[in-house]
Structure formats: structure tokens, C-alpha cells
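>>> Below is the structure, and that's it, no one-letter string:
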């Protein structure tokens, strides 16, 4: 009933909230099938998810002529049918559509891609396939090519601290020996490579701030505020000024209080202010420039500046609809770019859950997405600002687990109300037992899990979730269960 209501009653675009297992992707797939004869995009950050949705779409179509998933290097001449992309593939393809791309190209404009580097589904992500957490452009592009097309953007990023280059009619400048940033900052690189140098420059103690919080603040607020796009100040600095950052509302930037810089290390350790964070941001830009790094906001600013510089705006195919799943894994600049590419702002579908955010540097509530549509509605009166729709029924998890999960979410909302969306409690489609709290030592827990007899008081089967406090405890539990003849857990968290 929930699915039919959302599908039949929604006018304009759809913003769909729902926890894992509520059917968000299923609704997206069916809505996508309705647009099967249109030029549209399905984008998500997860490679396995985009492959799975593509395969399901092929199965629904009953059409053997649908080819395996293609990975276009630009968004020109797209077919009149859905194109399925990871977020990384989308960003690289948008860049390939520009008159002056940010990333290097062959003389004819073809990207110098190594398909093996696109396994993670996200530029700069340090998941499976990444090398020591450092995303290096020379791992993705062939810098040995004699062509310098496309290097101008990167050269100006390195020499001018991140300013987007002006369009040059498609001609790039640069050459051998040019200072070209070839490494992209992800969180692992930030924490391991840049953070210690930032601490040295500030002469603060390493215990003063958590690098994860500062990283999120820089990427989501200081360099990631979508309000900068299209403003004159964005063309100059591509970041909020110190005063603009400190003036952000509490709900928009909840992690740090506004106020002057801490005068002592003890105050800094205890409280932390936005003024302190801005000092760290300035040191970050210095270290980034010195080490020939660039970050995702640098690339996104360049992409938007290039689109603005073209007389007709977007120069790729007319994308009539766009479908974004697991939207919580994308930052605000990426989402705004996705909306800019979509021709019909009343034909967008975005689904996700801020409780499932795992991407570093992403910091917003799902309800904040409505602000994007308000901005487009101010420019075009035909754009309808969509309401937020919620799915409450969970088809993957039974009520016993959901009751405990709802309690945990209530606690998060109590102590961190500005960091996530407040939804109606979930309800399970199936009944089930409550989670078991195992208070015994690790060794005894392993014995309980290894008990497969029918007389066992604990119902454990082949597919169970075990949550422990630390990675060390997870390793110990895996070792104990393996020694007791239990099939190793695929994931103990």
C-alpha cells in the first residue's frame, strides 16, 4: 500500500526516505522501468548496487538486445533508454563533456581511463581496490602521453590554490615539468598524510580535534555549501569566508559552535569552535597545495564553472529523468550537479536514509534536499518542490530487531537532533525475537554461537549479525568461532 501510494500520488519529483529493507530501490526500479524509452540516468555510489539494478532492469524488460552495462566517458549522444552509472563514473563522464575538462585527456578528447581503477564506485574512496588510501591520478590516467590536453585545470588548481580556470576554447596549456596535482584527497589520505602536517603548521596538539570531524566540516560546509555555486564569491575562493562559515545556522552545521578561536590548548580540547576549524581549513589548503593534492570540491567547482561559461549551459545530452539511490552517500555539491544535469526538475527520484551514511565528508539531513528544489523553483515557476515521503514497513528485518533499532535511533535523535532526519518508527512485516545481549566473555560467546542443537535457548542460524565493540573483539570472536567449528562470519562488526 505504501509503494502504491508513493507511486500513484506523488506529483513532480520524489524524495523518498526509508531505512534499509523498506523497498526504496524496488520503487526506483519500477519507476525507472516506466521511463525505459527515455534518456535518463540511474546513479548510486555503490558498484554492486548499480550492477544489480541494471541486471534487474534487463530481466524486467525481457529484451535480449539490452547490452551489458556501458560506462560512457562523456554524456554526449546518450541513448533513449536508461544509463546506469556509479557516482565516480558519472563525475568522470560529466567532466568528459566539458570544453575544458578537469582531468587529462588524449588529443582527441578521449579520457585516458584504466577501467581497473573504477572498482570502488567513488573517486578518492579508500575502499576495496584503493592503494593505501591514496587516489592518484596517474593510477587512472596515462601522464606519459605527450598530449597536455586537460592538464590546464589541474595546473591552475596547484598554482592558485584551487581556483577554477577560465574557459580557453578547449585548448589546455601546460607541459613537462608543470606543477600538476596528481593525488586526490580522500579521508585516509587526509588523516594519515595531511593531518600531521596541518598540526605542525598550527602547533596544536594532535588531541585537539578529531580529523574525521574536521574533514566533514571542510568538505560538507566550508568547501561543500551548495549556496556558493553561481555566486560571484564562489568564482574567487570556492569556499565560505570565515564570517560566512561562522554565521551558518545550528541545524545546518551542528558539529561546532560559532565563536572566537580558543586561546588555550585546554579550551580547544574541551570545546572547539568554528574559528578553530577555519584555521585548520586554511592550513589544509596550504598543505594540499604544497603536496600537489586536489580534492573533490576542486573538481566540482571547475565542472560547474565550465557549465556556467557555456552560452547554452549544459552541453551534453538532454537527460529527461534522473534516479539517485542511497543518496546519503553523496555530498551536497554532487547532488546539486546531478540536478543541474537533469533537464526536467519535476522528473527526479532520490531515495536514501541519513542513518545509513558511511561516506566520510558527507554531513546533512535528507530533508535539506528540498532547498535545492526551492532554488530551482525560484528560477522556474513550473518546478514543483516535492514533499518528503517515508516508507515505514520493513520487509527485510523482523519486528524484534526493529524494536531495538528504533530505540537506538530515538537515543541518537535525543542527543544529536540536528544530524539526522526524524522519521516515524519502523514496523516489521514479520514478527521475530528481540536481539540477544551476550554478556559472557568472548570465549563463552563462541561456544554459544557454535551450539547447533535443537535444545539451544538461543536461536542462531546461518545468517546472523553479531555486533561487538571494537575491531579487536571482532577478530577474537572470529578466531574463537572458527576453532569451534563454526563457519567463519562474513562480517562481524
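Here it is on my side, so go on. Here the structure is a predicted model, which is why all the values come from computation and not from measurement.
>>> ok, residue 225 to residue 474 distance?
To residue 474, residue 225 is 37 Å away according to C-beta to C-beta, to the nearest Å. From N, CA and C alone the C-beta is placed, and that goes for glycine too.
>>> Residue 412 too?
Counting by C-beta to C-beta, the gap from residue 412 to residue 474 is 22 Å.
>>> Residue 35 now?
43 Å.
>>> cool, and residue 80?
Taking C-beta to C-beta as the measure, residue 80 falls 48 Å from residue 474.
>>> Could you do residue 320 as well?
46 Å.
>>> Those two: who's more crowded?
Ranked by neighbour count (other C-beta atoms under 10 Å), residue 320 and residue 474 place residue 474 first, with 18 against 15.
>>> So that one is in contact with residue 468, correct?
Yes - counting by C-beta atoms under 8 Å, residue 474 touches residue 468, with 5.1 Å between them.
>>> Would you confirm that residue 215 contacts residue 188?
No - using C-beta under 8 Å, residue 215 is not in contact with residue 188; the gap is 10.2 Å.
>>> Please compare the two by neighbour count and tell me which comes out ahead.
residue 215 (22 against 18).
>>> quick one: which helix or strand includes that one?
Assigned by DSSP states H and E, residue 215 falls within helix 211-217.
>>> Next: residue 60.
Under the criterion of DSSP H and E, residue 60 resides in helix 47-61.
>>> Going by neighbour count, list what's buried in that helix.
Residues of helix 47-61 classed as buried: 47, 49, 50, 53, 54, 56, 57, 58 (neighbour count, 16 or more other C-beta atoms under 10 Å).
>>> can you tell me which of the residues you listed lies nearest to residue 312?
residue 50 (29.4 Å; C-beta to C-beta).
>>> How about the contacts made by that closest one?
Counting by C-beta atoms under 8 Å, 6 or more residues apart in numbering, residue 50 touches 42, 43, 44, 69, 84, 85, 86, 121.
>>> Any idea how many residues pack against the closest residue in space to residue 24 that isn't next to it in sequence?
Among residues not flanking residue 24 along the chain, residue 351 sits closest, at 4.0 Å (C-beta to C-beta, 6 or more residues apart in numbering). Using other C-beta under 10 Å, residue 351 is surrounded by 27 other residues.
>>> could you give me the average pLDDT of the helix or strand hosting residue 351?
Element membership for residue 351, per DSSP H and E: strand 348-352. On average, the pLDDT along strand 348-352 is 92.
>>> and what of stretch 20-39?
Averaging pLDDT along stretch 20-39 gives 90.
>>> buried stuff in it?
For stretch 20-39, by 16+ other C-beta under 10 Å, it's 21-25, 27-29, 31-32, 35, 38-39.
>>> and what of stretch 88-105?
Residues 88-98, 100-105 are the ones in stretch 88-105 that count as buried (16+ other C-beta under 10 Å).
>>> residue boundaries of the strands in this protein?
Assigned strands in the chain, in chain order: 14-18, 40-44, 82-86, 135-136, 183-184, 293-294, 321-324, 348-352, 388-391, 393-394, 427-428 (criterion: DSSP state E).
>>> Let me have these in JSON lines, adding distance to residue 274 as columns.
Below are these laid out as JSON lines (distance: least, C-beta to C-beta, whole Å):
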{"stretch": "strand 14-18", "distance to residue 274": "29"}
{"stretch": "strand 40-44", "distance to residue 274": "32"}
{"stretch": "strand 82-86", "distance to residue 274": "34"}
{"stretch": "strand 135-136", "distance to residue 274": "28"}
{"stretch": "strand 183-184", "distance to residue 274": "26"}
{"stretch": "strand 293-294", "distance to residue 274": "24"}
{"stretch": "strand 321-324", "distance to residue 274": "30"}
{"stretch": "strand 348-352", "distance to residue 274": "27"}
{"stretch": "strand 388-391", "distance to residue 274": "28"}
{"stretch": "strand 393-394", "distance to residue 274": "38"}
{"stretch": "strand 427-428", "distance to residue 274": "40"}
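>>> Quick one: list the elements packing against the strand holding residue 351.
strand 14-18, helix 24-34, strand 321-324 (3 or more C-beta pairs under 8 Å, 6 or more residues apart in numbering; DSSP states H and E).
>>> Tell me which residues are up against that strand.
Residues from elsewhere that reach strand 348-352 (C-beta under 8 Å, 6+ apart): 13-18, 24-25, 27-28, 31-32, 321-329, 335, 339, 342, 366, 369, 386.
>>> partner strands of it, parallel or antiparallel?
When pairing is defined by DSSP bridges, strand 348-352 lines up against strand 14-18 (parallel), strand 321-324 (parallel).
>>> can you put those strands in a markdown table and add mean neighbour count?
Formatted as a markdown table, those follow (neighbours: other C-beta atoms under 10 Å):
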| stretch | mean neighbour count |
| --- | --- |
| strand 14-18 | 24 |
| strand 321-324 | 24 |
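>>> Nearest to residue 377, out of those strands?
strand 14-18 (13.8 Å).
>>> which residues are contacting that closest one?
Identification of contacts with strand 14-18 by C-beta under 8 Å, 6+ apart yields 6, 24, 27-28, 31, 348-353, 366, 369-370, 386-392, 421, 423.
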